[in-house]
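Chemist: coordinates only, sequence not included:
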């Protein structure tokens, strides 16, 4: 019979080569694990040891009761009972004896071989009741502290004292513990051997699974050209073929998406650069018109004012798009300098004529090694957003926590709706669909977050919880961003890929851009 025919028969029976190998391996492991039968051996030896010790003690005690206790008078004294008990427990007996008699009707008398060790209170009530009812030898195993004991009792037939025995089983317990340790060590060694055997088998049987896991990890790391070598006809071979097909399809789709994304980024970058030249001319013209606005015809002045404001808005939008393109392309870099944070915040507020609307709580002398231009962009967007959508006064507080710099921007407006909070840093997000023509482009807060991330920090947004109302934006930055590697510089916003055609020089982007978060 050919190998292909055998594989077909095995497949029809549901016994592929992989399954057969797994059954054999787990059968060997289960067979090796049968050493747990040592537990059964322990219990059998335990009963044998205890029964042998117990039978020897009970037989000797019965004989002593017949030879010595039976010879006592019907009304023995305490001294006679104690002497007899000591004789019965003497020699190599290895147990204590307690004899119970009556010196008169209803007046019991007790004699013990060792009153400090064995008293009538050590005899279980059930045992005393059984001995009183029938003239047989009864016994029970009990525990006092950590030491096990054998307690037995009987009485002389035809009248005479009742005798009780107390024998320590501590030696037997120690012997059984030694046996348990020996069996435990043997079991552990057997289990270790089975583990080694299973590992050796798994190395052969599960090697394809390991290769599949490694290939999946490589695929998850972005190595989309990863493929598996396929051999055999078992389930794992079929899984490998499916994996290769899925990887091939994923590679093709990712290539298409990357091409479209690259084309989109290049289009935005090219469009932004192409718009800068006419915008420069328009800006110059609008500046001239703005200077002559007072001399213009009152009918024309509103139109001129609209052209000036819209030209500035368009210029800001282009600059913002260029800045976003740099982040997406991974070409944004930090230009670090030692700055006094209080001076930097003051300069940002003063440059935009916000001194009357902003309260600053910052001590001079808080130094940080940051990119001053990017910090100015962050502050301008956060404070501008607070002034535009919040309520005055806007309060800016600067403090440090360990090696972190915290800048809190708080306003006294209506706050941010809860459904908007998760999206305030999204690009082009506007809380109100009824305000599509608001002054903000929806990029300001996104750019602020990107500039914070490139420093190795971040920004959080929340509503004030102290009852005053308003929104609170907290900027967290390391006081020394020099530890951020160039590779990390390019990951602001989370590995947005690369875009070609980065041209010109970086200019201030997003300055004064208030976004449209609320």
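Modeler: Perfect, I can see it now. The model shown is predicted, which means the values in this text are computed figures rather than measured ones.

Chemist: which of the helices or strands spans residue 151?
Modeler: Per DSSP states H and E, residue 151 falls inside strand 147-155.

Chemist: go through the next helix or strand after that strand and flag the buried ones.
Modeler: From strand 147-155 onward toward the C-terminus, using DSSP H and E, the following helix or strand is strand 162-168. Taking 16 or more other CB atoms under 10 Å as the neighbour-count basis, strand 162-168 is seen to contain the buried residues 162, 163, 164, 165, 166, 167, 168. From N, CA and C alone the C-beta is placed, and that goes for glycine too.

Chemist: would you map the helices across the protein?
Modeler: Chain-ordered helices for the chain, with DSSP state H as the definition, fall at 3-12, 17-32, 37-67, 78-89, 125-133, 170-205, 207-220, 235-291, 301-329, 341-351, 372-389, 444-454, 486-489.

Chemist: what does the strand holding residue 151 contact?
Modeler: Defining contact as CB atoms under 8 Å, 6 or more residues apart in numbering, one finds that strand 147-155 is touched by 53-54, 57-58, 61-62, 65, 95, 122-124, 127-128, 130-132, 135-143, 161-170, 172-173.

Chemist: tell me the strands beside it, with direction?
Modeler: Next to strand 147-155 in the sheet, as set by DSSP bridges, lie strand 138-144 (antiparallel), strand 162-168 (antiparallel).

Chemist: tell me the angle of that strand relative to helix 37-67?
Modeler: Inter-element angle recorded for strand 147-155 and helix 37-67: 40 degrees (by axes from the mean of the first three to the mean of the last three CA atoms, to 10 degrees).

Chemist: avg pLDDT for strand 147-155?
Modeler: For strand 147-155, the mean per-residue pLDDT is 89.

Chemist: tell me what angle it forms with helix 125-133.
Modeler: Between the axis of strand 147-155 and that of helix 125-133 there is an angle of 20 degrees, by the same axes, to 10 degrees.

Chemist: shaky segments in the stretch 151-300 of the chain?
Modeler: Along the stretch 151-300 of the chain, the parts satisfying pLDDT under 70 run over 191, 195-196, 198-199, 201-206, 264-265, 267-273, 276, 293.

Chemist: recalculate using a threshold of 90.
Modeler: Along the stretch 151-300 of the chain, the parts satisfying pLDDT under 90 run over 155-162, 166-244, 246-300.

Chemist: need the buried residues of strand 162-168 in a markdown table (columns: distance to residue 257).
Modeler: Formatted as a markdown table, the entries for the buried residues of strand 162-168 read as follows, by distance: CB to CB, whole Å:
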| residue | distance to residue 257 |
| --- | --- |
| 162 | 96 |
| 163 | 95 |
| 164 | 91 |
| 165 | 89 |
| 166 | 86 |
| 167 | 85 |
| 168 | 82 |
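
Chemist: on that earlier part again, please name whichever of the strands paired with strand 147-155 is nearest to residue 111.
Modeler: If you check each of those against residue 111 by CB to CB, strand 162-168 wins as the nearest, at 9.9 Å.

Chemist: run through the bridge partners of the residue nearest to residue 120 when sequence neighbours are not counted.
Modeler: In this structure, residue 120 finds its nearest non-sequential neighbour in residue 110, 6.0 Å apart by CB to CB, 6 or more residues apart in numbering. For residue 110, the beta-bridge partners are residue 100 (DSSP bridges).

Chemist: I'd say residue 110 and residue 100 touch.
Modeler: Yes. The criterion here is CB atoms under 8 Å, and residue 110 meets it with residue 100 at 5.5 Å.

Chemist: name the residues contacting each of the two.
Modeler: 81, 120.

Chemist: residues near the closest residue to residue 347 other than its chain neighbours, how many?
Modeler: Setting aside the residues directly before and after it, residue 347 is nearest to residue 376 in space (CB to CB, 6+ apart), at 7.5 Å. Other residues within reach of residue 376 by the criterion other CB atoms under 10 Å amount to 21.

Chemist: picking up where we left off before, and the residue nearest to residue 120, how far from residue 164?
Modeler: 10 Å (CB to CB, to the nearest Å).

Chemist: low-scoring stretches of the stretch 401-518 of the chain, by residue?
Modeler: Residues of the stretch 401-518 of the chain that meet the criterion pLDDT under 90 lie in 401-403, 412-448, 450-451, 453-456, 464-470, 479-518.

Chemist: again, 80 this time
Modeler: Within the stretch 401-518 of the chain, the segments meeting pLDDT under 80 span 427-443, 465-469, 483-518.

Chemist: could I get the full set of strands for it?
Modeler: 404-410, 458-463, 471-478 (DSSP state E, counting those that start in this stretch).

Chemist: need the outlier residue of this structure, farthest from its centre.
Modeler: In the chain, the greatest distance from the average C-alpha position (CA atoms, centre = their mean) is reached by residue 73, at 79.6 Å.

Chemist: skipping adjacent residues, who's closest to that residue in space?
Modeler: residue 80 (7.3 Å).

Chemist: what is the burial count for that neighbour?
Modeler: Counted by other CB under 10 Å, the residues lying close to residue 80 total 18.

Chemist: related to what we said a few turns ago, need phi/psi at the residue farthest from the centre of the chain.
Modeler: Residue 73 has phi and psi values of phi -70, psi 160 when expressed as degrees, to the nearest 10.
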